[in-house]
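sequence first, then the predicted structure, then my questions.
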Amino acid sequence: MNNDFSKWILFVEDPGALNFFLPIIYKLNKNFIKYKLISEGTVVKTLEKNKLKFKSFKSFIKSDDINSYDLLIIGTSENKNSNGFKLIDLAKQNKIKVIGIIDSPSHASLRFKGNSKNIKRYSPDYLLLPDKYTLNTYLKIGYEKEKLFIVGNPIFDTNKLKKIRIILLKVAFQKNLKEKL
């Protein structure tokens, strides 16, 4: 990290992932975490309706230095042409940790595939999952259990925000995730 505080990139394009993101965004707004919200696709109108400031991918790439960020949190859909994949590659090239937020088991084999034949081509370093069924879905397609965290869905249970916040902070500050959450 390059400052006394953390700066995060949040990328969301999927309405289900946005439901997961909204409570996190509202919580970040109340803390000392600076973030840049990047969005495209079907959620743009919802963000505008909720008066949330965001940038397009192109605007972000033109105006921001990705090296000034410490963490990428991404919620994608099965869109194989998502600019989220470009962000994942940029983050990994710059040694920035990537956390994927998954709202359901739907399209698990397409979620981080992009245009490749490898279903894990754009896999984040860690995944936050809503339930055990989704965990088992990702285990079946080859994800490592120690990189998967069941956190529930904060849109339904605001008590889950604390657990999610702990995981996000541990990844951002590169703490040992094997410590008890």
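Good, I have the coordinates.

what is the longest helix anywhere in the chain packed up against?
In terms of residue count, the longest helix belonging to the chain (DSSP state H) is helix 15-29. Judged by 3 or more C-beta pairs under 8 Å, 6 or more residues apart in numbering; DSSP states H and E, the packing partners of helix 15-29 are strand 7-12, strand 34-39, helix 44-49, strand 71-75, strand 97-101, helix 160-172. For glycine as for every other residue, the C-beta is placed from the backbone atoms N, C-alpha and C.

redo the ones you listed as JSON lines? Include mean neighbour count and mean pLDDT.
Converted to JSON lines, the helices and strands packed on helix 15-29 look like this (neighbours: other C-beta atoms under 10 Å; pLDDT from 0 to 100):
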{"stretch": "strand 7-12", "mean neighbour count": "24", "mean pLDDT": "91"}
{"stretch": "strand 34-39", "mean neighbour count": "20", "mean pLDDT": "90"}
{"stretch": "helix 44-49", "mean neighbour count": "13", "mean pLDDT": "88"}
{"stretch": "strand 71-75", "mean neighbour count": "26", "mean pLDDT": "91"}
{"stretch": "strand 97-101", "mean neighbour count": "25", "mean pLDDT": "93"}
{"stretch": "helix 160-172", "mean neighbour count": "18", "mean pLDDT": "65"}
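
these: which one's closest to residue 56?
Closest of the helices and strands packed on helix 15-29 to residue 56 is strand 34-39, at 7.2 Å (criterion: C-beta to C-beta).

poorly predicted segments of this structure, please.
The chain contains residues with pLDDT under 70 at 1-5, 29-32, 154-166, 169-181.

that older thread, let's have the helices and strands packed on helix 15-29 in CSV, adding distance to residue 28.
Formatted as CSV, the helices and strands packed on helix 15-29 follow (distance: least, C-beta to C-beta, whole Å):
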stretch, distance to residue 28
strand 7-12, 8
strand 34-39, 6
helix 44-49, 15
strand 71-75, 10
strand 97-101, 13
helix 160-172, 9
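
which stretch among the ones you listed comes nearest residue 60?
With C-beta to C-beta, the closest approach to residue 60 among those belongs to strand 34-39: 5.0 Å.

with just CA atoms, put that closest one into PDB.
Extracted in PDB, the C-alpha atoms of strand 34-39 (Å, rounded to 0.1, in the frame of the first residue of the first chain):
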ATOM      1  CA  LYS A  34     -11.500   5.700  -0.400                       C
ATOM      2  CA  TYR A  35     -12.900   4.000  -3.400                       C
ATOM      3  CA  LYS A  36     -13.700   4.600  -7.100                       C
ATOM      4  CA  LEU A  37     -16.900   2.900  -8.300                       C
ATOM      5  CA  ILE A  38     -16.700   1.800 -12.000                       C
ATOM      6  CA  SER A  39     -19.800   0.600 -13.700                       C
END
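
alright, calling it a day.
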